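[1] okay, structure incoming, though there's no sequence with it:
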């Protein structure tokens, strides 16, 4: 239920309990835990996200990406790592560019705060019953 992008962070789906006026909702929502050790983020603030211990985290599946894109695995691995290094370099040089993840959301930096903003469709696709609650807490 989670994917580690070495050097950037971990995307995961967490399940949380929220109390409504008359009932309790179990809500699945996406989270992103930044790998603060890997990026040079001396001047940046970022939300602290803790992924619960019970969430299974797997490394990015480069073999699957290789098959899906028809590029050799080593090319896919190099491309992902170079992209992460480029983004970290831009952040450390005070270039505040957005990093878009297709169908997931955008990692952006505003006013020296680095934040992952998930697309509505991503959140709503995880939680059909209580999507508004999930959206409010994401």
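    On my side now, so go ahead. No experiment lies behind these values; they were computed from the predicted model shown. Residues are numbered from 1 along each chain as shown.
[2] residue 117: neighbour count?
    Using other C-beta atoms under 10 Å, residue 117 is surrounded by 14 other residues. Bear in mind the C-beta positions are built from the backbone N, C-alpha and C, glycine included.
[3] next, the contact list for it, please.
    Taking C-beta atoms under 8 Å, 6 or more residues apart in numbering as the contact definition, residue 117 lies against 105, 106, 107, 108.
[4] which SS state does the second one fall under?
    With DSSP: H, G, I helix; E, B strand; the rest coil as the basis, residue 106 sits in strand.
[5] ends of stretch 16-24, how far apart?
    End-to-end distance of stretch 16-24 (C-alpha to C-alpha, to the nearest Å): 10 Å.
[6] could I have the buried ones of the contacts of residue 117 as ChimeraX selection syntax?
    In ChimeraX syntax, the buried subset of the contacts of residue 117 is picked out as below (16 or more other C-beta atoms under 10 Å):
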select :105,107
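[7] can you redo the contacts of residue 117 as a markdown table with distance to residue 74 and pLDDT?
    Below are these laid out as a markdown table (distance: C-beta to C-beta, whole Å; pLDDT from 0 to 100):
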| residue | distance to residue 74 | pLDDT |
| --- | --- | --- |
| 105 | 28 | 94 |
| 106 | 28 | 95 |
| 107 | 25 | 91 |
| 108 | 30 | 90 |
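[8] could you say which helix or strand contains residue 95?
    For residue 95, there is no helix or strand it lies in under DSSP states H and E.
[9] and for it, the neighbour number?
    Residue 95: 10 surrounding residues under other C-beta under 10 Å.
[10] show me what contacts it?
    Not one residue lies near residue 95 by C-beta under 8 Å, 6+ apart.
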